[in-house]
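1. test case, fold it:
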Amino acid sequence: MQPVFLLTDLFVYAILLFVLWYMWQVRSDRNLRANWGLAMRRPVAMVSSMVLGFFLLLALADSIHFRTALPTEAGKEVQYSPEATSVLDKVLQPLSAAVERSYSEPLAAVAFKKETFVRDGQTVRDYPRLRFGGKHLTDPAKELSSDLAQRSMAALGLGTLIVVLSLMLGVVYASLSTQQSLSVVWTKFKSGRTIWPWRSMALTFALMTLAITWVVMLSQAYHVFGTDRTGNSVLVFALKSVRTALVIGGLTTLVVMPLALLLGVTAGYLRGWVDEAIQYLYTLLASIPDVLLIAASVLLLQVFIDKNQGVFETALERADARLFFLCLILGITSFTGLCRLVRGETLKLRELEYIQSAKAFGVSTPRVLWRHIVPNLMHLVLINSVMQFSSFVLAEAVLSYVGVGVDPKTASFGVMINTARAELAATPLVWWTLTTAFGFMFLIVLSANLLADAVRDAFDPRTRLRSSSISNSHSTEPAAKVAA
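-> I've put the predicted structure just below:
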């Protein structure tokens with residue numbers, strides 16, 4: 001096995017290291033720890049984090065690429081496969097290998113359209129049996145419903161067992177760590193009277209476990225989300241599209257944040273001709289339609305790739321380079337809004353007393369910016385970046401739909417939606433490709449938006465003060481009644 005590092009893989013690892021470093025900073029900083037604690041004590045924020053965490057694990061598993069060794073004779077040098085695969089590809093290999101002739105509905109045992117074939121020596125026109133889906137059934141018309149019911153009950157039973165065991169272990173661990181009886185811990189958990197939203201987390205864990213167990217159990221004998229025109233599993237394509245969506249959102253955000261912060265702080269603090277030049281730059285970029293600029297840049301990259309085939313060894317590297325370049329262009333065209341926000345806040349902060357005092361004591365400009373200006377802007381940058389994440393995921397789908405997004409061979413939700421455009425006009429209607437892409441995108445975008453709302457409420461000083469005053473009024477109400 002030979003490891004392979006693509007451009008986007010390196011940035012996924014860099015984002016992971018940055019997240020770990022930031023978690024260490026939060027642990028050592030009392031204010032950050034208090035703000036994140038305030039955000040994560042909301043049940044909706046913790047539930048959204050669990051859903052996003054599952055998708056992040058899928059993206060990380062799909063970002064560990066390697067080349068497998070080819071069978072060679074003894075004494076000869078080991079040769080490796082020309083195409084790289086990922087850990088997720090190995091996990092999904094049984095589903096990827098189960099290729100049908102063409103379309104098949106979810107949980108079906110026969111093809112989607114009628115075909116002419118020979119059965120028992122006679123030429124008939126009927127729905128042929130699938131190669132993989134329900135191949136163990138003798139008579140799908142009679143046995144399909146009962147087999148699906150039995151497998152579903154077995155999957156739900158296994159999932160329930162996992163949930164119950166995990167819940168029991170959690171309650172026992174909480175009882176030992178807090179030195180309270182099991183009945184007290186269970187009563188607090190059941191009523192939701194805990195500091196952290198453990199009850200909501202347990203419900204989310206139960207639902208996710210049951211859903212994953214059901215999909216895994218039924219995928220051993222059926223195509224749970226059907227197949228596409230080429231007979232490949234829609235579930236496999238959707239799971240691999242998660243990495244593309246998160247790379248677009250995370251990497252583009254990583255481009256926007258330093259660019260907007262650097263230019264916005266510089267323009268707002270130095271003013272003069274520097275401010276005029278930076279304003280001219282982002283005003284010029286904002287005046288150009290984003291779709292046209294992105295389309296022109298992607299087409300130029302495609303022309304470069306076509307003329308320089310030797311630069312990239314495999315098709316995967318070419319598709320990955322296009323994805324990486326798309327993130328850069330999308331970040332360059334999207335930083336203007338955050339840059340304006342940072343510039344305006346810097347203009348306000350530079351006039352405050354502590355900044356004037358620092359300048360009077362002879363503190364250098366870089367130190368003033370780094371130690372006094374930037375820390376007081378980070379709540380705005382963090383809130384804006386988290387809220388822009390979901391918009392970048394949707395932007396990839398729109399760009400791929402119009403043909404200027406990722407490579408058509410790259411798994412993405414935009415490619416799925418673009419494929420479903422022709423399928424929706426077919427008779428009978430092929431609905432499951434679009435429905436699967438919509439469901440996965442809905443979960444990712446909704447989780448990101450809900451988490452962004454919680455982060456905004458926790459880090460925005462005005463919202464945090466209002467929430468604190470409300471909670472203080474509620475907490476002092478019983479004391480006032482007792483005193484009365």
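2. separation between the closest residue to residue 320 other than its chain neighbours and residue 456?
-> Closest residue to residue 320 apart from its sequence neighbours, by CB to CB, 6 or more residues apart in numbering: residue 6 at 4.4 Å. Every residue, glycine included, has its C-beta placed from N, CA and C. Counting by CB to CB, to the nearest Å, the separation of residue 6 from residue 456 is 34 Å.
3. who touches the residue nearest to residue 320 in this structure?
-> 63, 65, 84, 316, 317, 320 (CB atoms under 8 Å, 6 or more residues apart in numbering).
4. ok, residue 60 next?
-> Per CB under 8 Å, 6+ apart, neighbours of residue 60: 12, 16.
5. and for residue 137?
-> 109, 143, 144, 147.
6. most neighbours, which of the residues you listed?
-> residue 109 (25 neighbours; other CB atoms under 10 Å).
7. wait, it sits on residue 140?
-> Yes. Counting by CB atoms under 8 Å, residue 140 is a contact partner of residue 109 at 3.7 Å.
8. pull the longest helix from the protein.
-> What stands out as the longest helix in the chain, according to DSSP state H, is helix 140-178.
9. now do that one: which elements does it pack against?
-> helix 182-191, helix 198-219 (3 or more CB pairs under 8 Å, 6 or more residues apart in numbering; DSSP states H and E).
10. in this structure, which spans are strands?
-> Along the chain, the segments classed as strands by DSSP state E run 2-4, 65-67, 85-86, 115-119, 122-126.
11. alpha carbons of the fourth one, as CSV, please.
-> Included here for strand 115-119 are C-alpha records, laid out as CSV according to Å, rounded to 0.1, in the frame of the first residue of the first chain:
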residue,chain,number,x,y,z
GLU,A,115,-36.9,-5.3,-21.3
THR,A,116,-37.1,-8.1,-23.9
PHE,A,117,-35.3,-11.2,-22.8
VAL,A,118,-35.5,-15.0,-22.9
ARG,A,119,-37.2,-16.8,-20.0
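12. angle of it against strand 122-126?
-> 140 degrees (axes from the mean of the first three to the mean of the last three CA atoms, to 10 degrees).
13. which neighbouring elements make contact with strand 115-119?
-> Strand 115-119 packs on strand 122-126, going by 3+ CB pairs under 8 Å, 6+ apart.
14. run a quick neighbour tally on residue 107.
-> When neighbours are counted by other CB under 10 Å, residue 107 registers 19.
15. for it, which non-adjacent residue is spatially closest?
-> Counting by CB to CB, 6+ apart, the residue nearest residue 107 is residue 222, at 5.0 Å.
16. now for residue 116: which residues touch it?
-> Counting by CB under 8 Å, 6+ apart, residue 116 touches 123, 124, 125.
17. ok, the last one touching residue 115?
-> When you say that, I think you mean residue 125. Yes. Residue 125 is in contact with residue 115 according to CB under 8 Å; the separation is 7.1 Å.
18. of the helices and strands packed on helix 140-178, which stretch is the most buried?
-> Mean neighbour count (mean count of other CB atoms under 10 Å) peaks for helix 198-219 among the helices and strands packed on helix 140-178, with a mean of 17.
19. distance of residue 142 from residue 109?
-> 11 Å.
20. residue 435 too?
-> For residue 435, the distance to residue 109 - CB to CB - is 20 Å.
21. okay, and the common contacts of residue 109 and residue 140?
-> Shared contacts of residue 109 and residue 140, counting by CB under 8 Å, 6+ apart, come down to 129, 134.
22. what mean pLDDT does the longest helix of the chain have?
-> For helix 140-178, mean pLDDT rounds to 89.
23. show me the shaky parts of the protein.
-> Applying pLDDT under 70 to the chain picks out residues 72-75, 309-311, 460-484.
24. can you give me the domain boundaries for it?
-> 107-219, 234-470 (automatic domain parsing).
25. need those domains in a markdown table with distance to residue 32, can you?
-> Formatted as a markdown table, those follow (distance: least, CB to CB, whole Å):
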| stretch | distance to residue 32 |
| --- | --- |
| domain 107-219 | 17 |
| domain 234-470 | 9 |
